[in-house]
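A.B. asks: A predicted structure for the sequence below; I have some questions about it.
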Amino acid sequence: MVMSGVKRLQKIRNIGIIAHIDAGKTTVTERILYYTGKSHRMGEVHDGEAIMDWMEQEQERGITITSAVTTCFWRECELHLIDTPGHVDFTIEVERSLRVLDGAIGVFCAVGGVEPQSETVWHQADKYRVPKIAFINKMDRLGADFTGAVEQMREKLGARPLILQIPLGAETDFGGVIDLIKMQAVLWDDSTLGLSYEFTAIPPEYEEQAKAHRTELLESLAELDDTIMEKYLADEVLEPKDLLPVIRQATLKLKMVPVLCGSALKNKGIQLLLDAIVDFLPSPLDVEAVAGHHPETGEKENRSSSDDEPFAGLAFKIQMDQGRKLTYVRVYSGSVPAGAEVFNVNRKQKEKVARIFQMHANKRERKAKAAAGEIVAMVGLKSTTTGDTICSQNNPILLEHIEFYEPVISIALEPRTRADEDKLLQSLDKLADEDPTFHFRQDPDTGQTIISGMGELHLDILVNRLLREYTLEVNVGKPQVVYRETITKSVEVESSFDREIAGVSHYAQVELHLEPRLRGKGNLFRELIRDGSIPESLIPSVEEGVMESLESGVIAGYPIVDVEVALIGGIYKEQTASELAFKVAASTALQEGCRKAQPQLLEPIMSVEIIVPEEFTGEVINDLSIRKGKIEGVHSRRSVKIIHAIVALSQMFGYSTALRSASQGRATFTMQFSHFDSLVEKKELYF
């Protein structure tokens, strides 16, 4: 059935599945595809056959590396679904997905609860004000604790869980769920792989527990809705039709998070999760109009999710597919047919949409046009990259850009043969187009190519892709830390530029004041000239010279951070003043000032969480001490200890092997970037 306009938009859900690694996101997605009829078999992650994990590296390692998009249907609703990675090295995939999604499903392991990366992605969703529902997965696992996982949601995420289901048993006794809205038990038929399920009476031994949770549910909803309050106080029967709209509004306004449970691997709970997606998560009409500004006037502009508005979309992901560039676009307003011209606001140039595809992981289906509310892939956008706005040239709008993370680790690469040098740079350029957290450069001293990323696994995957996708064999150097530089005291410095270039004299003199800022505050340029010694028209050239110079430090060439630079004076000669002269003078002054301001190296500090059996806690803490780590806390969770520590990244290379050795392979750890801090001891700085 073809729908248009408001009715079509009401039936769309743009959602993502977010969680810590190994919480079961991809398994949940595979079940969703199976039960919605999108796929005719269940792909298992542990067998390397998950449909959404289509990359060879994903299938071999059993993890999600890149976010995969698909579309399926449930209860006449069109679900655009993105399965995101759970490993910290690929956080950018979650960030750019959440930027364009309307709702999210947070998947939590019933044993592990709220794990570190779960916190990270949850707060990313909070930043974009994305409504969420929670699915407590793996209720069949030994040590499953539904109540504990919900409590961790309150403590660690600051969320207000609204429990809509409780498990019917746990661990090996897990048999189904109790639906607190309908007050019935739900059981799945194992012989049909969970396709068949039935609502039945709640077993007598669970009635008291179910009534207590039902009371909590009604009391929570009564706080939000007067009608429910009146019926509840009058002991009237509250039907699902009374509760569902109130739960939906509480979810959309981020007041509460509906909580469901099940076991994706055992095929239990997924159909009710699909119902919750339709019932509680927003359609494009339920979210605020996307905000931006006019690229010329700077005035604020909004685009409502409507086919009648001018076309506007955001490119949020680039993927190279069989040599062709696929650009994933969230269409916020209007529509665009295949073959049409669009305007890239960021690049200020026209692009042609050659073809439009509906994606299903790495498979694609042609579409005649892309309309408001849809997530599609476009071919033909040659210059468009991640974060660019494409729109109608007659009604331009610049949407908010996507924030990217800075790399913290580097390795040196060399092609095995000299003939492959150009091919290596071209291949790296394509990988950098796909992944904004991947950078590369050529070291002018050694001639080596230096690639930088978010972690050892990230770089390992990229090197592996060079071999498999681009048939490039490379020699790989040891991992190196990406440092930063800063200053530790305030200075004033002046510098001049006086030179004749092509027969034209150029002269400028600038005086700068440099002072350190608090760690993490970034760089700041200020203009504090009081006597008008430099015209307003030349201030931007001074700022440009300062900011470009901050990109390369005076100790080892690393970017300079957390510095405030104030322009406090200078000399302007009308006959010889030029933008070039003031830019160079400012750059020279900045470098000279940094040398005088006691420059200092900063290194990346990582936040580490280790889950270790109690009997190995001493060995693990001792190893962290040797690595100069700072223990921030140790607490118990059943038979294991959870150790929180901060450690310099340079001390963490090869840690997974050391941890396995210290715990007989029974401990696990997660690590994510925390902050930059001063380099405590001298280390080898050069490749």
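C.D. replies: Yep, that arrived.
A.B. asks: so for this protein, the centremost residue is which one?
C.D. replies: Nearest to the mean C-alpha position of the chain, by C-alpha atoms, centre = their mean, lies residue 95 at 2.2 Å.
A.B. asks: does the nearest residue to it once chain neighbours are set aside lie in a helix or a strand, and which?
C.D. replies: Nearest residue to residue 95, sequence neighbours excluded (C-beta to C-beta, 6 or more residues apart in numbering): residue 124, at 5.8 Å. Glycine gets a C-beta too; all of them are placed from N, C-alpha and C. In this structure, residue 124 sits in helix 116-127 according to DSSP states H and E.
A.B. asks: list the contacts of the residue nearest to residue 69 when sequence neighbours are not counted.
C.D. replies: Distances taken as C-beta to C-beta, 6+ apart place residue 359 nearest to residue 69, at 4.6 Å, with adjacent residues excluded. Contact analysis of residue 359 by C-beta atoms under 8 Å, 6 or more residues apart in numbering lists 68-71, 326, 328, 365, 376-377.
A.B. asks: what's the pLDDT at the residue nearest to residue 95?
C.D. replies: Predicted confidence (pLDDT) for residue 124: 84.
A.B. asks: that one contacts residue 96, doesn't it?
C.D. replies: No: using C-beta atoms under 8 Å, residue 124 is not in contact with residue 96; the gap is 10.1 Å.
A.B. asks: which of those two has more residues huddled nearby?
C.D. replies: residue 96 (24 against 20; other C-beta atoms under 10 Å).
A.B. asks: in a helix, that's where the more buried one is, yeah?
C.D. replies: Yes: assessed with DSSP: H, G, I helix; E, B strand; the rest coil, residue 96 lies in a helix.
A.B. asks: surely it is in contact with residue 386?
C.D. replies: Yes: under the criterion of C-beta under 8 Å, residue 96 makes contact with residue 386 at 6.4 Å.
A.B. asks: can you give me the strands in the stretch 501-650 of the chain?
C.D. replies: 504-516, 524-527, 563-571, 599-613, 630-637, 640-648 (DSSP state E, counting those that start in this stretch).
A.B. asks: how about these in CSV, adding mean neighbour count and distance to residue 482?
C.D. replies: Shown next, in CSV, are these (neighbours: other C-beta atoms under 10 Å; distance: least, C-beta to C-beta, whole Å):
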stretch, mean neighbour count, distance to residue 482
strand 504-516, 20, 20
strand 524-527, 14, 22
strand 563-571, 20, 18
strand 599-613, 20, 7
strand 630-637, 12, 21
strand 640-648, 19, 13
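A.B. asks: can you check which of the ones you listed gets nearest to residue 479?
C.D. replies: Checking the strands of the stretch 501-650 of the chain against residue 479 by C-beta to C-beta gives strand 599-613 as the closest, at 12.1 Å.
A.B. asks: direction included, what does that closest one pair against?
C.D. replies: strand 484-487 (antiparallel), strand 640-648 (antiparallel), strand 668-678 (antiparallel) (DSSP bridges).
A.B. asks: turn these into TSV, including distance to residue 183 and mean pLDDT.
C.D. replies: Below are these laid out as TSV (distance: least, C-beta to C-beta, whole Å; pLDDT from 0 to 100):
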stretch	distance to residue 183	mean pLDDT
strand 484-487	57	94
strand 640-648	36	90
strand 668-678	39	82
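A.B. asks: quick one: buried residues of the strand or helix carrying the residue nearest to residue 69?
C.D. replies: Assigned by DSSP H and E, residue 359 belongs to strand 355-360. Across strand 355-360, burial judged by 16 or more other C-beta atoms under 10 Å covers 356-360.
A.B. asks: what residues does stretch 290-302 touch?
C.D. replies: 289, 303, 305, 312, 332-333, 345, 348, 389, 396-400.
A.B. asks: by mean pLDDT, which helix or strand of this protein comes out lowest?
C.D. replies: Sorting the helices and strands of the chain by mean pLDDT, DSSP states H and E puts helix 56-61 at the bottom, at a mean of 59.
A.B. asks: related to what we said a few turns ago, pull the most distant pair out of the buried residues of strand 355-360.
C.D. replies: 356 and 360 (14.3 Å).
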